[in-house]
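*Asks:* Attaching a predicted model along with its sequence, questions to come.
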Amino acid sequence: MAERVDFWFDPLCPFAWVTSRWILEVEQVRDVEVHWNVMSLGVLNEDKNPSPAEDPEQLARWIPARTATAVALKHGEDKVGEFYTAVGTEVHNNGNRDFESATLNALRAVGLEEELLADAKTDKNDAEMRASHGRGIAMVGQDVGTPIVAFQGTAFFGPVLTRIPRGEEAGKVFDGAVALAEYPYFFELKRSRTESPVFD
């Protein structure tokens with residue numbers, strides 16, 4: 001039976017995007033099954049920023065995660081992964097920084113209702129988004145961001161990657177994460193980043 005891996009993401013985070021592409025590579029070379037969960041950088045940083053109801057720029061930044069939540073509620077987890085791939089490709093690979101347009105293009109690409117975008121301009125599904133976000137944060141603590149990856153009863157912020165490991169290299173990185181997860185007193189490895197994420 002495949003090992004369950006839970007992955008929390010905000011579609012706008014470039015580091016989550018790289019890590020998400022890595023975990024899909026892992027799925028091809030290890031017996032794992034990825035389950036997609038929404039978190040929100042807007043929620044994570046709401047004490048520092050204006051609310052989306054007050055600020056159009058903040059509203060735009062909340063739209064992709066809100067839409068992913070709406071997709072989960074209406075169509076289930078499998079479609080969340082498809083939507084994330086589509087919107088992440090728009091934002092990160094194609095450089096579409098008009099987040100409303102990127103979200104609409106992603107919905108069309110995976111054959112989902114455009115009305116989900118209308119819902120994302122409101123707080124209609126914020127309680128559910130906050131609940132999903134909270135489940136991830138509860139596993140790792142408040143002083144982290146996205147992505148969160150959980151497996152074997154352990155969750156971590158990260159791994160933070162700037163390149164996408166492919167094939168067996170992706171599997172080896174995962175094996176290392178599993179080895180660390182198996183030691184109950186491991187908490188953190190960190191070094192300063194020397195480059196921005198690369199998506200190819």
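*Replies:* Yep, that arrived. Numbers count the residues shown, from 1 in each chain.

*Asks:* longest helix in the protein, by residue count?
*Replies:* helix 56-75 (DSSP state H).

*Asks:* Now do the strands in the protein.
*Replies:* 3-9, 32-38, 148-151, 154-157 (DSSP state E).

*Asks:* any chance you could map the helices in this protein?
*Replies:* For the chain, the helices defined by DSSP H cover 14-29, 41-44, 56-75, 77-88, 99-109, 115-120, 126-140, 167-181.

*Asks:* and among those, the most buried is which?
*Replies:* Highest mean neighbour count of the helices of the chain: helix 56-75, a mean of 22 (counted as mean count of other Cβ atoms under 10 Å). Every C-beta, even on glycine, is put in place using the N, C-alpha and C of the backbone.

*Asks:* What helices and strands are in contact with that one?
*Replies:* Applying 3 or more Cβ pairs under 8 Å, 6 or more residues apart in numbering; DSSP states H and E, one finds that helix 56-75 contacts strand 32-38, helix 41-44, helix 77-88, helix 99-109, helix 115-120, helix 126-140.

*Asks:* Serialize the ones you listed to CSV and add fields for mean pLDDT and distance to residue 1.
*Replies:* As requested, those are arranged in CSV below (pLDDT from 0 to 100; distance: least, Cβ to Cβ, whole Å):
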stretch, mean pLDDT, distance to residue 1
strand 32-38, 97, 9
helix 41-44, 93, 33
helix 77-88, 96, 18
helix 99-109, 98, 32
helix 115-120, 96, 33
helix 126-140, 96, 22
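
*Asks:* No more questions from me, cheers.
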